[in-house]
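[1] return a 3D structure for these sequence lines:
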Amino acid sequence: MNSWTTMTEQDSGFAEVLATKKTGRPFGYRLQGSSAGPQLVVAAAHPKTEAVFERILRIPTLPWMRGTMVLIKLDALDDLFADLGLLDPLGQVDRTIMLPWADTKAARDRQLRHNYHLILRACTELGMISGRGVSYPIASREN
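    As a prediction, the model looks like this:
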């Protein structure tokens, strides 16, 4: 069973399931950290990006982060217009990330790692996590 389904079925205390009114199908999570802080919204439109969210959800120290992280699967919103009201109570959003996705299998594996580290870097920059072990891309210099 994947982490997305497991998180839907269990009451973890720090995760709120965001589900559509029409179908009751989960389209996202609001992950509340141990203390107040910034809010990061991560949205993805491609079904395969669920693997990135699963990898984030498996981080054992995730409940210790500061602030709130909202993970949204846009492809799961069958009744998008009716459910936009569910996103109103988010409050102030400090950063929004739309995850890109690649079409080829070789590029998908690389994109999965890139998206995962993109989320971790944003959390580090916002002060939500300490960021030990978070890799930053090395900027190429052109002379």
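[2] which residues touch the helix ranked longest in the chain?
    Secondary structure of the chain read by DSSP state H shows that its longest helix is helix 105-125. Applying C-beta atoms under 8 Å, 6 or more residues apart in numbering, the contact partners of helix 105-125 are 40, 42, 44, 48-49, 51-52, 55-56, 65, 69, 95, 97, 99-102, 129-131, 134-136. All C-beta atoms are positioned from the backbone trio N, CA, C, and that covers glycine.
[3] hey, where'd the strands end up in this structure?
    With DSSP state E, the ranges of strands along the chain come out as 15-19, 26-32, 35-44, 66-73, 95-98.
[4] worst average pLDDT in those strands?
    Note on the strands of the chain: strand 15-19 shows the lowest mean pLDDT, a mean of 81.
[5] what's around residue 21, how many residues?
    10 (other C-beta atoms under 10 Å).
[6] okay, buried residues for stretch 48-60 please.
    For stretch 48-60, burial by neighbour count (16 or more other C-beta atoms under 10 Å) applies to 49-57.
[7] so who does the closest residue to residue 101 other than its chain neighbours touch?
    Among residues not flanking residue 101 along the chain, residue 46 sits closest, at 3.9 Å (C-beta to C-beta, 6 or more residues apart in numbering). By C-beta under 8 Å, 6+ apart, residue 46 lies in contact with 75, 99, 101.
[8] pLDDT check: weakest of those residues?
    Lowest pLDDT among those: residue 75, 72.
[9] please name the nearest non-neighbouring residue to that residue.
    With C-beta to C-beta, 6+ apart as the criterion, residue 75 has its nearest non-adjacent residue at 5.2 Å, and that residue is residue 47.
[10] looking at it, the one you found is touching residue 74, isn't it?
    No: if you go by C-beta atoms under 8 Å, residue 47 and residue 74 don't touch, sitting 9.9 Å apart.
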